[in-house]
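Participant: Fold the following and give me the result.
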Amino acid sequence: MKKFIEGQFDIVVVGAGHAGCEAALVCARLGLKTAMLTLNLDSIAFMACNPSIGGTAKGHLVREIDALGGEMGKNADKTCLQIRILNEGKGEAVQSLRCQCDKNAYHREMKRTLENTKNLHILQGECCEVLVESGKVTGILTTYGGIIKAGAVILATGVYLNAETVTGEFRQKSGPNGFAPANALTDNLIKLGFSVRRFKTGTPARLDKRSIDFEKCVRQFGGDGVPAFSFTDKTPQNTHECFITYTNLNTHGIILDNLDRSPLYNGEISSTGPRYCPSIETKVVRFAEKSRHQLFLEPEGADTNEIYVQGMSSSMPHDIQKQMYRSVEGLENCEIMRYAYAIEYDCIDTLDIYPTLEFKKVSGLYTAGQINGTSGYEEAAAQGLMAGLNAAFKALGKEPVVLGRDEAYIGVLIDDLVTKGTEEPYRVMTSRAEHAISLRHDTADLRLTPKIADTPLYTAERAQSFEKRKAQLGRAAEILNGRADAQKLADFAQKHNICGGLQGVTYADLIRRGANPAAIREHFNILGDLPEDIAKTAEATVKYEGYLKKNAAQIERAKKLEKKKLPEDIDYNKIQGLRLEAREKLSRVRPLTLGQAGRISGVNPADVTVLMVYLSQK
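Facilitator: Alright, predicted model coming up:
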């Protein structure tokens, strides 16, 4: 193969999925000459599974991506079919946005954005080697012999590395949706020192909506007045309905009677699948006591009849799949347009990378997305954004950006990956965040946008919307801290059983006493001139004020440990008093701070104390 120079760039991004798109955009927007290599231009920002953005905790990630100048939220708003807030009946800390998008439009809009971004060059091809000299990245080599020179490389290969799809007895070398796999890179990654493992994910069938009896299903509508993902956008429109139905004992019987033909149970698939998004076979076996499982019928787009059956992913043979789906109420006569399948792929052990997402053994080499063992578009996009920021900042001579667990769900996600690692496809959840009350999705811009204020990511549009939101929230806080009219207050207290003295009571006091904020607004006619999302954010801030103060104290204590740096060349095996397990885990992870060391599985508080003594002696 004759080699030639394809081009000279500051940064090259390998992959154009959700991680690759964010990484390439942030690098180019920061003024760096950026190349993005993709196996197929038609797979840019392709939604291989459900065409939805957000969900529990995932919606937090999307708003944080937007607050840092990323694109996912804006693209979801542009292509929205239905948007709503999940967990509205629960506390604000666990409420999240979720948007059903138009799959083709999402790809098309993101591709248009990339193609019209200054400093960004897009190329179709396959990377077969990361070029390294003296421990530093110098570029990549394509299977066509093209050398793309660059000072930094971001690998965002998704589920394409040595990808194989499995359906029943049939297995083939393929990426998602029939796209070609990337077979040339894994051996090179192993040579560079990566620990490579094999993960699995899956997707359900797509049905022809004309063959579904929606009258037998429960209609699911979008929410009214739901804010956009992007803090710079207006409320998106709900144009489509979704539907709910359920499996039944007949469905479960078909699955159980044919487990010997399931690749998950006959040994055909041995790789690790996602615990929190299991196949229907796994759900039926694992939750044998359940008589039914909920399914969501969701449109793939405005210009297609394809319906996505969320909750029923499978790798069963086609003949069994047809029986399974047709056993469900409303789907008795369904016609399958695309059958379900499982996909196996290579990924790396994230204990091999720093919190900046840079590979520990090669300077300038970053990884982001499902190559890091995560699941989901949102987790991928968040990593792509951070890898892009850190690669760009390193090229520009700036300090890296590492978000703390107290600052963002992105910080929780990355810290979990690089400190604890993952033995299964990782999914972000609100339960993983110990500071969840401080990390509400509606405060993402207040927490994170100031971090990009001195960069080109802080556009005039973003500056205007950010300052406007701050002013509106200030106005809302001022109103809530105002005193209520005495007579109206007495009437409200009697009607809503508000106890205690009423002298000098403010609207904020009423919220703290447990009064319903919506009832307060209606009775006293306040906050009506402000947007709904602004009013709700101000009310939630008052509601959780006490918890936020306690949380702030916890965060300050944790920060003291984060400020204590650990030497990079520390030999843990020579530190007296450390347990054997702690020595092994610390040597493997190589934590950067005492705080990170304390979060490693297998390192207990006594080990941290030993390290503190060691540092004081040093």
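
Participant: Neighbours of K560, how many?
Facilitator: Burial of K560 is recorded as 10 neighbouring residues (other C-beta atoms under 10 Å). Yep, even glycine has a C-beta here, placed from its N, CA and C like the rest.

Participant: Can you point out the helix or strand that includes the most far-flung residue of the chain relative to its centre?
Facilitator: For the chain, the C-alpha farthest from the mean C-alpha position belongs to Q487; by C-alpha atoms, centre = their mean, that distance is 49.1 Å. Q487 belongs to helix 486-495 when elements are defined using DSSP states H and E.

Participant: I'd guess E298 is in a strand, am I close?
Facilitator: Yes. With DSSP: H, G, I helix; E, B strand; the rest coil as the criterion, E298 is assigned to a strand.

Participant: which ones are touching K451?
Facilitator: By C-beta atoms under 8 Å, 6 or more residues apart in numbering, the contact list for K451 reads 68, 401.

Participant: Check the gap between the residue farthest from the centre of the chain and L256 for me.
Facilitator: For Q487, the distance to L256 equals 67 Å [C-beta to C-beta, to the nearest Å].

Participant: do G70 as well
Facilitator: 44 Å.

Participant: and those two? which has more neighbours close in?
Facilitator: Using other C-beta under 10 Å as the criterion, G70 and L256 rank with G70 on top: 30 against 13.

Participant: Isn't that one up against A381?
Facilitator: Yes. Proximity of G70 to A381 meets the contact threshold set by C-beta atoms under 8 Å, at 6.6 Å.

Participant: Return every residue with contacts to both of those two.
Facilitator: Common neighbours of G70 and A381 (C-beta under 8 Å, 6+ apart) are E22.

Participant: What is the longest helix anywhere in the chain packed up against?
Facilitator: For the chain, the helix that runs over the most residues, judged by DSSP state H, is helix 460-480. Counting contacts by 3 or more C-beta pairs under 8 Å, 6 or more residues apart in numbering; DSSP states H and E, helix 460-480 is packed against helix 444-448, helix 507-512, helix 532-543.

Participant: what comes up buried for it?
Facilitator: By neighbour count with 16 or more other C-beta atoms under 10 Å, helix 460-480 contains the buried residues 462, 465-466, 469, 472-473, 476-477, 479-480.

Participant: Report the secondary structure state of T157.
Facilitator: With three-state DSSP as the basis, T157 sits in coil.

Participant: sorry, back to before: got a list of contacts for the longest helix of the chain?
Facilitator: Contacts of helix 460-480 (C-beta under 8 Å, 6+ apart): 69, 231-232, 445-446, 449, 506-508, 511, 526-527, 530-531, 534-535, 537-539, 541-542.

Participant: Make CSV out of the helices and strands packed on helix 460-480 and add mean pLDDT, mean neighbour count and distance to K394.
Facilitator: As requested, these are exported to CSV (pLDDT from 0 to 100; neighbours: other C-beta atoms under 10 Å; distance: least, C-beta to C-beta, whole Å):
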stretch, mean pLDDT, mean neighbour count, distance to K394
helix 444-448, 98, 21, 20
helix 507-512, 93, 21, 45
helix 532-543, 95, 21, 35
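
Participant: ok, S230 - contacts?
Facilitator: Applying C-beta under 8 Å, 6+ apart to S230 gives the contacts 66, 73-74, 77.

Participant: between those residues, which is nearest G577?
Facilitator: The shortest approach to G577 among those belongs to D66, at 46.3 Å (C-beta to C-beta).

Participant: For that closest one, which non-adjacent residue is closest in space?
Facilitator: Of all residues not flanking D66 in the chain, G73 sits nearest, at 3.6 Å (C-beta to C-beta, 6 or more residues apart in numbering).

Participant: Just say helix, strand or coil for that neighbour.
Facilitator: Quick answer, by three-state DSSP: G73 is helix.

Participant: so where's the stretch 501-618 of the chain shaky on pLDDT?
Facilitator: For the stretch 501-618 of the chain, no stretch has pLDDT under 70.

Participant: Helices of that one, residue ranges please.
Facilitator: Remark: helices assigned in the stretch 501-618 of the chain by DSSP state H, counting those that start in this stretch are 507-512, 517-524, 532-543, 545-562, 580-589, 594-598, 605-617.

Participant: could these be laid out in a markdown table, adding distance to I212?
Facilitator: As requested, the helices of the stretch 501-618 of the chain are exported to a markdown table (distance: least, C-beta to C-beta, whole Å):
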| stretch | distance to I212 |
| --- | --- |
| helix 507-512 | 45 |
| helix 517-524 | 37 |
| helix 532-543 | 34 |
| helix 545-562 | 45 |
| helix 580-589 | 49 |
| helix 594-598 | 50 |
| helix 605-617 | 56 |
